[in-house]
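Student: compute the structure for the input listed below.
(one chain, ligands or ions: 2)
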Amino acid sequence: MNFSTLQPLGWSNYFLQQMALADTMTEDGPRPFRIMAIYRSRIDAIGEAGEQILVCPEHFQPVREHIAVGDWVLAVKRHEHFYIDKILVAKNRIERYSGHECQLIAANLDYLWIVTSANEDFNLKRLQRYLALAYEFSVEPVLILTKTDLADKAPYLRQVRSLSISEVHAVCAHQAETLAPLSAYCHPGNTIALVGSSGVGKSTLVNAVAGGRQQTREIRDGDGKGKHTTTSRQLFFNEQQVAFIDTPGMRELQLPGAGSGINQAFADIQELALSCKFSDCRHGTEPGCAVQAAILGGSLSEQHFANYQKLLKEDAFLQRRDAGTYAIRQEQRAFAKEISSHKKEKW
Ligand SMILES: Nc1nc2c(ncn2[C@@H]2O[C@H](COP(=O)(O)OP(=O)(O)OP(=O)(O)O)[C@@H](O)[C@H]2O)c(=O)[nH]1
Ligand SMILES: [Zn+2]
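Tutor: Ligands and ions are numbered 1, 2, ... in the order given. I've put the predicted structure just below:
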């Protein structure tokens, strides 16, 4: 097969070397596809021959725990359908925890555009968290300050200097010359994901630099009977063959994180805890626990306590992550790094 047609989609040697040599030479072996959108009952992808709906086998369910938008997979054709056979190890992946579940949000990113606006949205702490996210998941962060036509950008840029980031741009969507430097990130085959609060101008930015979405081809339905076009894709390519990911998942990457806020919200439990026998009581099976006693006695709802614990757990997770120390999925990431260090060259 002709791998050069895949390069503008983000394909590189890094993925090629994960294919069996024999498969790269035959025409009817597994084919590479890049995941564009994941729906409940459908996965949209793009491959050598254009867009294609893929079938996800049982052992990759639930999909969102196994596959992210931007991932590369190998799929085999059986009876007119393409079945996902293998998920190629990603260069990087952004994931999110909701409760105990890990959800994959986006994969194989070259840049994370952290977008904020020169107004009340600007929040240094939030930017710090987004940066931590980028570093944690090994994606290069680029900070973009928007709406510089509405305010003096200088004080904002001064504050940004305290952040550990060198790629900073101040833009106004209506002034093309301010957007020009962003083209440095827009090489064919690159993938850019955007994060930032609602209303900071992400869509406007993408439309301005992306120069309009490439017309997506009609997708053949899974049963091969009908055709339909999808209008909003989670990953789309612009005319310059740059992939943008502006997914709801990325938008929901809220970065909560204030243990103090949680304690404030559960002041009743804090107060009870003062009466526990041990000052470091975890309110589990320890003797003399006032919290458990209150639950048993009916004065404290078990659900309320469970919510408290759940939030604390999430907060602890976020803090570990922000500190860059957590080891979840580290093995997988270490493997990805190993592969890339073996073969660095791109096409
Ligand atoms: N003055 C000014 N307005 C802008 C600029 N960029 C975006 N806007 C406006 O800000 C509003 C929000 O922009 P969007 O691009 O929809 O923001 P978003 O971040 O995609 O918002 P969500 O879709 O909610 O996440 C729109 O009314 C834009 O026209 C800018 O540089 N200057
Ligand atoms: Zn206790």
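Student: every contact and neighbour count from this point should use C-alpha atoms.
Tutor: Noted.
Student: show me where pLDDT drops low in the stretch 51-200 of the chain?
Tutor: For the stretch 51-200 of the chain, applying pLDDT under 70 flags the ranges 97-101.
Student: can you show me the strands along it?
Tutor: Assignment of strands within the stretch 51-200 of the chain using DSSP state E, counting those that start in this stretch yields the ranges 72-78, 81-87, 93-98, 101-107, 111-117, 140-146, 168-170, 191-195.
Student: Throw the ones you listed into CSV and include mean neighbour count and distance to ligand 1, thanks.
Tutor: Below are these laid out as CSV (neighbours: other Cα atoms under 10 Å; distance: least, Cα to the nearest ligand atom, whole Å):
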stretch, mean neighbour count, distance to ligand 1
strand 72-78, 19, 26
strand 81-87, 19, 30
strand 93-98, 18, 18
strand 101-107, 20, 16
strand 111-117, 24, 8
strand 140-146, 22, 5
strand 168-170, 18, 9
strand 191-195, 24, 8
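Student: out of those, nearest to Ile53?
Tutor: Smallest distance to Ile53 across the strands of the stretch 51-200 of the chain (Cα to Cα): 7.3 Å, for strand 81-87.
Student: kindly export the closest one (C-alpha atoms) in CSV.
Tutor: Extracted in CSV, the C-alpha atoms of strand 81-87 (Å, rounded to 0.1, in the frame of the first residue of the first chain):
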residue,chain,number,x,y,z
HIS,A,81,-17.1,-4.0,7.1
PHE,A,82,-13.9,-2.7,8.6
TYR,A,83,-13.2,-4.2,12.0
ILE,A,84,-10.6,-2.6,14.3
ASP,A,85,-7.9,-5.1,14.9
LYS,A,86,-5.2,-3.2,16.7
ILE,A,87,-4.8,0.2,18.3
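Student: which strands or helices does that strand pack on?
Tutor: Under the contact definition 3 or more Cα pairs under 8 Å, 6 or more residues apart in numbering; DSSP states H and E, strand 81-87 sits against strand 50-55, strand 72-78.
Student: format those as JSON lines; extra columns: distance to Asp152.
Tutor: Putting the helices and strands packed on strand 81-87 into JSON lines (distance: least, Cα to Cα, whole Å) gives the following:
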{"stretch": "strand 50-55", "distance to Asp152": "45"}
{"stretch": "strand 72-78", "distance to Asp152": "43"}
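Student: nearest to Tyr135, out of the ones you listed?
Tutor: Here strand 72-78 is closest among those (Cα to Cα), at 21.9 Å.
Student: give me the sheet partners of that closest one and which way each runs.
Tutor: strand 31-38 (antiparallel), strand 81-87 (antiparallel) (DSSP bridges).
Student: residues from the stretch 201-347 of the chain in reach of ligand 2?
Tutor: 276, 281, 283, 289, 291 (Cα under 5 Å from the ion).
Student: of the residues you listed - the most surrounded one?
Tutor: Neighbour counts for these peak at Val291, which has 26 neighbours (criterion: other Cα atoms under 10 Å).
Student: ok, that one to Asp121 distance?
Tutor: Computed with Cα to Cα, to the nearest Å, the distance linking Val291 and Asp121 is 39 Å.
Student: contacts only, for Pro32.
Tutor: Pro32 makes contact with 47-48, 72-75, according to Cα atoms under 8 Å, 6 or more residues apart in numbering.
Student: related to what we said a few turns ago, mind putting the strands paired with strand 72-78 into a markdown table with distance to ligand 2?
Tutor: Formatted as a markdown table, these follow (distance: least, Cα to the ion, whole Å):
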| stretch | distance to ligand 2 |
| --- | --- |
| strand 31-38 | 43 |
| strand 81-87 | 45 |
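Student: closest to Ala154 out of these?
Tutor: Taking these one by one with Cα to Cα, strand 31-38 is closest: 38.2 Å.
Student: what's the angle between the closest one and strand 50-55?
Tutor: With axes from the mean of the first three to the mean of the last three Cα atoms, to 10 degrees applied, the angle from strand 31-38 to strand 50-55 works out at 80 degrees.
Student: now strand 31-38, how far from the chain's geometric center?
Tutor: Offset of strand 31-38 from its chain centre (Cα atoms, centre = their mean, to the nearest Å): 16 Å.
Student: and for stretch 16-30?
Tutor: Using Cα atoms, centre = their mean, the offset of stretch 16-30 from its chain centre is 28 Å.
Student: rounded mean pLDDT for it, please.
Tutor: Averaging the model's pLDDT scores along stretch 16-30 yields 88.
Student: near ligand 1, which residues of the stretch 151-300 of the chain are found?
Tutor: Counting by Cα under 6 Å from any ligand atom, the stretch 151-300 of the chain comes close to ligand 1 at 172-173, 198-204.
Student: right, and Ile269 touches Gln292 too?
Tutor: No. Counting by Cα atoms under 8 Å, Ile269 does not reach Gln292; the two are 10.4 Å apart.
Student: the two: which has the busier surroundings?
Tutor: Using other Cα under 10 Å as the criterion, Ile269 and Gln292 rank with Gln292 on top: 22 against 18.
Student: what sits closest to that one if chain neighbours are left out?
Tutor: Leaving aside its sequence neighbours, Gln292 sits nearest to His283 (Cα to Cα, 6 or more residues apart in numbering; 6.2 Å).
Student: next, the buried residues of stretch 163-182.
Tutor: 168-173, 179, 182 (16 or more other Cα atoms under 10 Å).
Student: please name the nearest non-neighbouring residue to Pro181.
Tutor: That would be His169: by Cα to Cα, 6+ apart, it lies 7.8 Å from Pro181.
Student: circling back: can you tell me which of the residues of the stretch 151-300 of the chain next to ligand 1 has the most neighbours?
Tutor: In terms of neighbours by other Cα under 10 Å, those top out with Lys202 at 24 neighbours.
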